[in-house]
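Colleague: need coordinates for the following:
(one chain, ligands or ions: 1)
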Amino acid sequence: MNEQPRNEPVIRAEEIFEGIRDWVAIESPSGDAAAVNRMADHVQAGLARLGAVIERTPGRDGFGDILKARTQWGGDGPGILVLSHIDTVHPIGMIQKLKFERRGDVVFGPGIYDMKGGAYLAYYAYQHLVRAGRQTPLPVTFMFVPEEEVGSPTSREMIEAEARKNKYVLVTEPARDGGKIVTSRKGVGRFVVEVEGRPAHAGARHEDGRSAVRALAKLILEIEGMTDYARGITTNVGLISGGTGVNVVPQFATAEVDLRVPDAATGEEMVARILALSTDEPDVQVRVTGGMNRPPYVKDEKIAKLFDHAKMLAAEIGFDLQDCPITGGGSDGNFTAAVGVPTLDGLGVDGKGAHTDYEQAYYSSFEPRAKLMLRLLETLT
Ligand SMILES: [Zn+2]
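Modeller: Numbers count the residues shown, from 1 in each chain. A predicted model of the protein is given here:
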């Protein structure tokens, strides 16, 4: 520390903590465009102070705006895309219950781990460069999307287009299991299964009825039976609905299905199987719609090389960086890896409890993770 030149800015955990507090204080549920835009306003103001070239794309379909900020240095060529989301799964008012507070190494707050903490680290690394009067060899584009938690329906295209314009993508999703980063993620599929039978009075005309619920029940078991842990395939019927009354043979029933697969070929196989579902119940129709929503993110040679580089930087900073086995959770990193751009994910803060009422980040991770982000920006060429 004492070897720092007098005016050289220092990366300080306390300063990061204060910055994250301000970001967490602006609650921003994905479905509340006005709230997410308040968050975007705050982030944009900070980026503007740093001299970034800012592009803000108005939101659509009820979602907030998409914010992009590019460094003035590094030229027009391909560079680094740092990808973050500023929405959270928590409703407005959650902060009354899950108060922002620090207890020892644990800092609580809605969205602090997923991923206001990580998004702030990216901003902080940029701020540090500007304060230190340093530039990176490559131009850096910071992108903040408004609806990652619902699958990025309005930002996906721009994420993919922006990834293609860059050499690397760094995603600030939370770290895993003691600071591990993410170099692969399963692909995610979503399906709706609609069943139509024939209604009848459950007492007087039972034999005329064709129960959609009965047919769907069989289909649910079939879908759940497709789970194959050994192959990394899971299916989950997460939502069901059907029927109109306890004394009516139900005409309609619906199920919504979540699919996770480790690679593209398995994805194609499973999508085909699910779309082909049918029933042997007479006079009952089955209609299945859906498909892959996030493609698998597979650790290829280029990603392995990028990871090795990050591991080397972490060793210089003073910690051992590991990556975790393939995770079932999808992120926007799935999109950027699938278009062939080397992607490192999970570069955000360490902690636990994403999407829960005990969501927390570890204070001790702030400084090393900010340094890792900074060094990646400074050393990637
Ligand atoms: Zn996230």
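
Colleague: contacts, neighbours, all on C-alpha from now
Modeller: Noted.

Colleague: for the closest residue to Phe366 other than its chain neighbours, what are phi and psi?
Modeller: Sequence neighbours aside, Ala13 is the residue nearest to Phe366 in space, at 5.7 Å (criterion: C-alpha to C-alpha, 6 or more residues apart in numbering). Taking degrees, to the nearest 10, you get phi -60, psi -40 for the backbone angles of Ala13.

Colleague: show the contacting residues for Ala13.
Modeller: The neighbourhood of Ala13, defined by C-alpha atoms under 8 Å, 6 or more residues apart in numbering, consists of Tyr363, Ser364, Phe366, Glu367.

Colleague: for Val271, same thing?
Modeller: For Val271, the contacting residues are Gly189, Gly291, Met292, by C-alpha under 8 Å, 6+ apart.

Colleague: let me know the pLDDT of it.
Modeller: In this prediction, Val271 carries a pLDDT score of 98.

Colleague: now swap in Glu162 and tell me
Modeller: The score at Glu162 is 98. That number is its pLDDT.

Colleague: returning to that earlier point: need the contacts of Val271 in TSV with neighbour count and pLDDT, can you?
Modeller: TSV is the format used below for the contacts of Val271 (neighbours: other C-alpha atoms under 10 Å; pLDDT from 0 to 100):
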residue	neighbour count	pLDDT
Gly189	21	96
Gly291	20	96
Met292	20	94
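
Colleague: one step back: make TSV out of the contacts of Ala13 and add neighbour count and secondary structure.
Modeller: Conversion of these to TSV gives the following (neighbours: other C-alpha atoms under 10 Å; DSSP: H, G, I helix; E, B strand; the rest coil):
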residue	neighbour count	secondary structure
Tyr363	20	helix
Ser364	16	helix
Phe366	25	helix
Glu367	19	helix
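
Colleague: out of the contacts of Val271, who's nearest Lys180?
Modeller: Out of these, the one with the shortest distance to Lys180 is Gly189. That distance is 25.2 Å, counting by C-alpha to C-alpha.

Colleague: which parts of the strand or helix carrying that closest one are buried?
Modeller: Using DSSP states H and E, the secondary-structure element containing Gly189 is strand 187-196. Taking 16 or more other C-alpha atoms under 10 Å as the neighbour-count basis, strand 187-196 is seen to contain the buried residues Gly187, Val188, Gly189, Arg190, Phe191, Val192, Val193, Glu194, Val195, Glu196.

Colleague: can you tell me which of these is nearest Leu138?
Modeller: Gly187 (30.0 Å).

Colleague: is it true that that closest one touches Gly291?
Modeller: No: because the distance of 10.7 Å does not satisfy C-alpha atoms under 8 Å, Gly187 is recorded as not touching Gly291.

Colleague: and the helices in the stretch 101-250 of the chain?
Modeller: Using DSSP state H, counting those that start in this stretch, the helices of the stretch 101-250 of the chain run over 117-132, 156-164, 212-224.

Colleague: which of the residues in the longest one are buried?
Modeller: Residues of helix 117-132 classed as buried by neighbour count (16+ other C-alpha under 10 Å): 117-130.

Colleague: helices or strands up against it?
Modeller: Packing contacts for helix 117-132, counted by 3 or more C-alpha pairs under 8 Å, 6 or more residues apart in numbering; DSSP states H and E, involve helix 13-25, strand 80-85, helix 366-379.

Colleague: so for the residue most central in space within the chain, what's the pLDDT?
Modeller: Taking C-alpha atoms, centre = their mean as the criterion, Ser331 is the residue nearest the geometric centre of the chain, at 3.2 Å. Reading off the per-residue confidence, Ser331 sits at a pLDDT of 93.

Colleague: mind listing the strands for the stretch 1-150 of the chain?
Modeller: For the stretch 1-150 of the chain, the strands identified by DSSP state E, counting those that start in this stretch occupy 53-57, 66-70, 80-85, 101-103, 106-108, 140-145, in order along the chain.

Colleague: can I get those strands in JSON lines with mean pLDDT?
Modeller: Compiled in JSON lines, those are given as follows (pLDDT from 0 to 100):
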{"stretch": "strand 53-57", "mean pLDDT": "98"}
{"stretch": "strand 66-70", "mean pLDDT": "98"}
{"stretch": "strand 80-85", "mean pLDDT": "98"}
{"stretch": "strand 101-103", "mean pLDDT": "98"}
{"stretch": "strand 106-108", "mean pLDDT": "98"}
{"stretch": "strand 140-145", "mean pLDDT": "98"}
